[in-house]
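Here is my input, please return the structure:
(one chain, ligands or ions: 1)
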Amino acid sequence: MDPTEQLRLAVRNAEQLAATLRQGRRPREVTVDPQVATCATEIRQSILLMKQPVSTAVAGDLVAGLSAFAKMRILHADMLNNLKDLPRKTWMDMSAPVVVEAVTSYAQFQLEDPDFNQFLSDLLVSRGVRRMGAAKLANLAYAAATLNLGAFEGVHALFSDAFAAAAEAELGRLGTFDLSRALWSLARLAPEVYESAPPCASRLSDALLRQRKLPFGYSLGQVLWAMPRLGLDSDILWRRVQKTAGKEAFAEKLRQAKDAPTQVELLRGLAENVEAAGLQAAVLNAAVLRAMAVRDEGASAEEILELMALRGLWTPVTYRLAARLGSSIKGSPPAPGLTQPGQRAHKYVRALYHALARAKPGDAASAAAALESFSRSSKRAWLKFGAADEKGVVLEEAWRSLGQSQGSGSSKGSGKGSSKGKPSKVGRPLLALEFGTFLGYSAAKMVRQLGAGSRVISFEMDPEVACLAMNFIEIAGLSDVIDVRIGQCEDLVQDLKAELDPESVDAVYMDHNQMTYHADLSQLQESGLLSKEVLFAATQALKPGAPLLLWHLKEAQKADVFSELDIVSSPDCGFKEMEDWTVLARATRAKTRSLKRRVSTSRPPRELVLLAAECNLMRWRTAQGMVDEARWNEFVQYVREGMEKFAGITSTRDYWPQPQRRDAARKHTYERLDY
Ligand SMILES: C[S@@+](CC[C@H](N)C(=O)[O-])C[C@H]1O[C@@H](n2cnc3c(N)ncnc32)[C@H](O)[C@@H]1O
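Numbers count the residues shown, from 1 in each chain. Sure thing, here's the model as predicted:
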């Protein structure tokens with residue numbers, strides 16, 4: 001058969017398969033589904049046989065194929081590579097809808113490819129984006145913003161001009177979802193924060209506020225993030241939505257809150273929006289904790305205690321807080337208070353109450369042990385701790401040795417203005433940043449190992465989870481030394497620059513999103529916040545995998561930015577035959593010239609970039625319940641082999657109490673067709 005015809009038929013087939021996946025009718029692991037595999041192979045074969053460069057019509061089929069595979073969250077490298085290599089003329093000849101589909105599908109893979117991003121940016125700027133209809137424009141802007149094309153010349157102006165020029169009737173046709181995404185995209189593409197709103201933003205925001213149904217959930221969080229950046233006031237919107245706002249919106253409002261009283265009010269609002277009694281109590285306890293952090297807010301803390309007593313929501317944490325406040329309010333239920341989270345409480349809430357019922361108040365070790373026992377109690381109770389079991393030992397050792405070599409408990413603040421005539425770093429309490437608080441388990445471990453007086457600032461984007469963590473930290477007796485910040489880490493790091501002295505961060509621990517580890521580390525390096533003797537640690541570097549972080553660190557080591565790089569192989573927490581890597585990178589004052597220095601101008605190998613995208617897709621498919629443990633065992637070995645093959649990166653030491661388990665883990669092989 002003519003390869004272009006074969007491609008066309010296979011792509012139609014892929015579209016149907018993607019549709020059945022959406023209806024939940026495909027088997028569990030779609031990447032090994034025989035029908036998907038056959039279709040993927042046919043596409044590959046036709047690409048290999050086709051005369052290059054392909055015609056615009058064939059390019060259209062490739063785009064449709066890419067879009068179908070993007071919907072199935074499967075990386076078809078041949079299709080991606082073929083599209084990437086299309087001559088500019090073919091891209092210019094494609095119709096606007098095909099270009100929109102190509103860019104939006106491509107964006108879903110979140111590939112790190114600055115050269116192609118530059119190409120796409122130039123292409124969009126030369127083609128122009130007017131006259132494509134507001135819905136397509138909103139979609140395209142969203143893809144461009146996801147790819148961070150705002151970094152390239154002309155892209156932001158392109159979209160802001162197009163939205164400013166769109167006819168009123170066209171904007172009127174956009175629904176709440178599209179308007180929300182358009183606002184987010186404009187803010188994301190903008191090179192800086194606006195003082196006053198540009199016309200495009202005002203028009204979109206007016207159209208949004210006219211909608212009968214206002215944004216909610218994730219979209220609302222995006223709009224609340226975007227509005228202040230676009231110079232828009234979000235108060236009117238917030239007043240209308242706050243009673244039904246979800247956690248994404250509260251997370252953003254809490255991050256933006258400039259003072260503790262505003263945070264207290266927001267947490268009280270969040271408590272009214274959650275159902276389970278146990279979670280409501282935890283959120284209100286968090287509000288009391290925030291109120292206690294400021295001197296004049298004792299009255300507000302008492303008011304919340306009163307409200308909790310009326311609702312019968314006192315927990316062991318509330319009793320502790322009341323005692324700390326010297327409050328005379330009579331608690332309810334009687335001490336120790338609620339130790340059951342209530343019907344239908346989420347696993348994380350149950351985990352906290354399991355700890356509240358078992359931990360000795362003020363004793364961090366017993367609190368941590370209680371969370372561990374919950375996580376081990378059954379497969380379904382398993383919790384995502386990246387610092388437990390063997391990996392926990394590796395990390396604790398590293399933090400302890402940092403504490404012993406640098407910290408000793410002499411007092412020196414790390415706030416702005418406290419570093420006049422900087423003394424030597426040796427002999428002062430340490431400051432650590434954690435990315436991904438979850439229930440506060442690893443933050444508690446870290447702060448204790450770093451030594452007396454040390455502090456951890458921990459970032460958590462889920463406000464309910466952050467509140468659970470604040471309760472756990474209080475029962476562990478660590479509220480004075482662990483500060484949970486709510487929001488997206490990227491924004492929180494930006495905010496920290498105004499608060500901390502340069503070079504004041506001694507340790508960083510990442511356990512949030514492996515896909516962004518390397519970008520988050522770069523942001524920290526560029527912020528100037530890292531000490532020249534910083535210890536950087538990250539978990540889950542092999543499962544689900546952080547190939548780009550590993551590559552970044554290896555390059556940084558070559559450039560003497562980090563002098564030591566330790567990649568420790570061990571079992572993943574709770575899985576005996578699943579390998580994971582914990583990464584430890586140390587800077588050394590004597591060697592490290594500047595952490596800000598650009599590590600390298602070279603780009604990671606293409607295969608590594610594709611591997612990173614595969615790790616991300618695997619995470620996505622797992623969240624959809626499509627990947628089981630056996631498949632993961634296999635996949636991590638594929639990542640390990642890929643790291644060695646494409647970047648020469650291997651583990652540097654083992655921490656396997658039973659080495660035969662490691663050998664067994666390494667025998668797993670990942671079946672993956674070549675496409
Ligand atoms: C694996 S858990 C962290 C476990 C925790 N470090 C421990 O061992 O106790 C990952 C956490 O990171 C949070 N997270 C993910 N991406 C984030 C981001 N971009 N900013 C802030 N928090 C994030 C998630 O909500 C989740 O609670």
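
Tell me, what's the model's pLDDT at the residue of the stretch 1-150 of the chain found nearest the ligand?
Going by C-beta to the nearest ligand atom, the ligand is nearest to residue 110 of the stretch 1-150 of the chain, at 13.6 Å. All C-beta spots, glycine's among them, are computed from the backbone N, C-alpha and C. Here the pLDDT value assigned to residue 110 is 93.

Kindly list the main-chain dihedrals of it?
Here is the backbone geometry of residue 110 (degrees, to the nearest 10): phi 50, psi 50.

centroid residue for the protein?
residue 513 (4.1 Å; C-alpha atoms, centre = their mean).

Would you state the predicted confidence (pLDDT) at it?
96.

Enumerate the beta-bridge partners assigned to residue 484.
Note on residue 484: beta-bridge partners by DSSP bridges are residue 458.

any idea how far the ligand is from it?
Computed as C-beta to the nearest ligand atom, to the nearest Å, the residue 484 to the ligand distance reads 10 Å.

Residue 208 in helix, strand or coil?
Secondary structure assignment for residue 208 (DSSP: H, G, I helix; E, B strand; the rest coil): helix.

Helix or strand next in line after the helix or strand encompassing residue 136, which one?
Under the criterion of DSSP states H and E, residue 136 resides in helix 134-146. The helix or strand immediately downstream of helix 134-146 is helix 155-165, counting by DSSP H and E.

got any ranges where the stretch 501-650 of the chain has weak pLDDT?
589-601 (pLDDT under 70).

what number of residues lie near residue 634?
The number of residues packed near residue 634 is 15, by other C-beta atoms under 10 Å.

give me the number of residues near the residue nearest to it when sequence neighbours are not counted?
Leaving aside its chain neighbours, residue 634 sits nearest to residue 670 (4.0 Å; criterion: C-beta to C-beta, 6 or more residues apart in numbering). Residue 670 has 17 neighbours, counted by other C-beta under 10 Å.

Quick check: the gap between residue 670 and the ligand.
Counting by C-beta to the nearest ligand atom - residue 670 and the ligand are separated by 23 Å.

follow-up on the earlier one: wait, what's in contact with the residue of the stretch 1-150 of the chain closest to the ligand?
146, 515, 613, 616 (C-beta atoms under 8 Å, 6 or more residues apart in numbering).

Kindly report the same for residue 310.
The neighbours of residue 310, taking C-beta under 8 Å, 6+ apart as the test, are residue 332.

Tell me the confidence at it?
If you check residue 310, the pLDDT there is 98.

related to what we said a few turns ago, now, the contacts of residue 110 that are in helices?
With DSSP state H as the criterion, helices contain 146, 613, 616 from among the contacts of residue 110.

Columns distance to the ligand on top of these, output as CSV?
Converted to CSV, the ones in helices among the contacts of residue 110 look like this (distance: C-beta to the nearest ligand atom, whole Å):
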residue, distance to the ligand
146, 15
613, 18
616, 13
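
Alongside the ligand, which residues does the stretch 401-550 of the chain contribute?
Taking C-beta under 6 Å from any ligand atom as the contact definition, the stretch 401-550 of the chain meets the ligand at 436, 438-439, 441-442, 459-462, 465, 488-489, 511-513.

ditto for the stretch 1-150 of the chain
Counting by C-beta under 6 Å from any ligand atom, no residue of the stretch 1-150 of the chain is near the ligand.

Strands of the stretch 1-150 of the chain, start to end?
Counting by DSSP state E, counting those that start in this stretch, the stretch 1-150 of the chain has no strands at all.

Good, we can wrap up now.
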